[in-house]
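Q: quick one, structure for this:
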Amino acid sequence: MNGRSSLGMILHVARMELRLARRALLIWTAVLVGVVALYLSLFESIQEPVMVEALKAMPESLLKAFSFTPAMIADVNSYYGVYIMGYLVLLATIYGLMHAGGSVAREPDLGAVEFLYTRPVTRRQVTVAKIAAFVVAAVVLWVAILAVSTLVGWAVAGDAYDLGRQRWTHLAGFCATLAAGGAGFVLAPFFPRAQTAISAGVGVGLASFVLHALSQLADRLRPIGYLSLQRYAALDRAAAGDPDVGGLLVLVAVFLVGSLAGTMILERKDFS
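A: Prediction:
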């Protein structure tokens with residue numbers, strides 16, 4: 001098969017994958033933009049003195065773990081870029097794990113293994129197409145989040161909402177989603193059914209969030225944060241306009257290595 005035919009086959013399978021993933025993508029996008037619209041519109045309400053005093057009475061380490069300190073919610077950019085984005089990244093990484101893992105593990109459920117993983121469509125072509133479809137879905141998701149957050153942010157805070165800084169937070173979220181997809185691609189071949197892979201994706205996504213939160217509670221727990229995707233996204237730095245470029249590169253590397261490893265495992269997997 002020549003290069004042009006190979007590319008055409010990959011694009012064809014990628015379009016099939018996007019059609020299959022369309023409903024889930026629309027639902028997840030609606031959920032995430034709904035979270036943005038709801039919580040960002042509450043910015044003025046949480047500035048009430050009663051709310052601020054109530055927060056000051058709570059343990060500082062606990063507030064820091066959930067990015068809800070008085071200092072973080074005092075500014076719309078840190079409120080959205082750290083607090084709200086923290087939960088968006090949680091949901092988006094779960095989506096990334098579910099999408100990537102489910103797209104690989106669902107073929108036995110659909111009875112499509114014999115068609116997809118045999119010639120003239122090679123396993124590598126199929127996997128590359130699935131990875132490409134996942135990247136497109138992640139781009140659509142984060143472009144929608146950026147668009148809605150910009151509109152609501154300007155409506156709520158006007159010029160105080162700094163789009164330049166928020167572009168970095170969305171890029172960090174996008175990279176974390178890619179990394180989650182890489183993890184999903186490398187884990188999915190070990191699960192026999194899509195539901196199992198999806199459940200594992202939810203568990204891994206929640207575990208990453210919890211590890212990051214625990215690492216904020218005390219200095220002795222800080223090392224466990226290196227096991228979480230949120231640590232490398234560094235939303236606090238991104239919201240301040242000083243992104244952790246090294247951390248973002250780590251997330252992209254996790255995606256690339258995970259995708260490559262998942263492809264190699266699928267090429268050798270016995271589906272009989």
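Q: now the residue lying closest to S149 once chain neighbours are set aside: how far from M98?
A: Once flanking residues are discounted, S149 sits nearest to V36: 4.8 Å by Cβ to Cβ, 6 or more residues apart in numbering. No exception for glycine: its C-beta is placed from N, CA and C like everyone else's. Separation of V36 from M98 (Cβ to Cβ, to the nearest Å): 20 Å.
Q: what sits against V36?
A: Applying Cβ atoms under 8 Å, 6 or more residues apart in numbering, we find V36 in contact with I84, L88, I145, V148, S149, V152.
Q: of the residues you listed, which is the nearest to P189?
A: Nearest to P189, judged by Cβ to Cβ, of those is L88 at 28.6 Å.
Q: element containing that closest one, please.
A: Assigned by DSSP states H and E, L88 belongs to helix 85-105.
Q: in this protein, which spans are helices?
A: For the chain, the helices defined by DSSP state H cover 3-41, 49-56, 60-65, 70-73, 76-78, 85-105, 107-110, 113-116, 123-157, 163-187, 194-215, 229-233, 235-239, 245-268.
Q: lowest-confidence stretch among those helices?
A: Lowest mean pLDDT of the helices of the chain: helix 113-116, a mean of 47.
Q: check contacts around S228.
A: Contacts of S228 by Cβ under 8 Å, 6+ apart are S208, F209, L211, H212, S215.
Q: ok, it to G205 distance?
A: When S228 is compared with G205 (using Cβ to Cβ), they lie 10 Å apart.
Q: what do you get for F190?
A: As for F190, its distance to G205 is 17 Å (criterion: Cβ to Cβ).
Q: the more surrounded of these two?
A: Higher neighbour count among F190 and G205: G205, with 24 against 14, using other Cβ atoms under 10 Å.
Q: which residue, neighbours along the chain excluded, lies closest to that one?
A: I94 (3.6 Å).
Q: again with G225
A: Using Cβ to Cβ, 6+ apart, the closest residue to G225 is S215 (3.0 Å).
Q: that neighbour - how many residues pack around it?
A: When neighbours are defined as other Cβ under 10 Å, S215 has 21 of them.
Q: residues contacting A240?
A: Here A240 is in contact with S78, R165 (criterion: Cβ under 8 Å, 6+ apart).
Q: can you pull the phi and psi angles for it?
A: Main-chain torsions, A240, degrees, to the nearest 10: phi -90, psi 0.
Q: ditto for A234
A: Note on A234: backbone dihedrals following degrees, to the nearest 10 are phi 50, psi 60.
Q: do Y161 as well
A: phi -80, psi 110.
Q: that one contacts V76, correct?
A: Yes. With contact defined as Cβ atoms under 8 Å, Y161 and V76 form a contacting pair (5.5 Å).
Q: neighbour count for the two, which is higher?
A: More crowded of Y161 and V76, by other Cβ under 10 Å: Y161, with 23 against 20.
Q: give the contact list for the more buried one.
A: Y161 neighbours (Cβ under 8 Å, 6+ apart): V76, N77, Y80, T150, G153, W154.
Q: let's see that with 6 Å instead.
A: If you count contacts by Cβ atoms under 6 Å, 6 or more residues apart in numbering, Y161 has them with V76, G153, W154.
Q: what of G205?
A: T93, I94, L97.
Q: at 7 Å instead, please
A: Counting by Cβ atoms under 7 Å, 6 or more residues apart in numbering, G205 makes contact with L90, T93, I94, L97, A180.
Q: rebuild those as TSV, extending it with neighbour count and distance to L266.
A: Shown next, in TSV, are the contacts of G205 (neighbours: other Cβ atoms under 10 Å; distance: Cβ to Cβ, whole Å):
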residue	neighbour count	distance to L266
L90	20	28
T93	29	22
I94	22	22
L97	31	17
A180	32	18
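Q: which member of those is positioned nearest L235?
A: Closest to L235, out of all of those and judged by Cβ to Cβ, is L90, at 11.1 Å.
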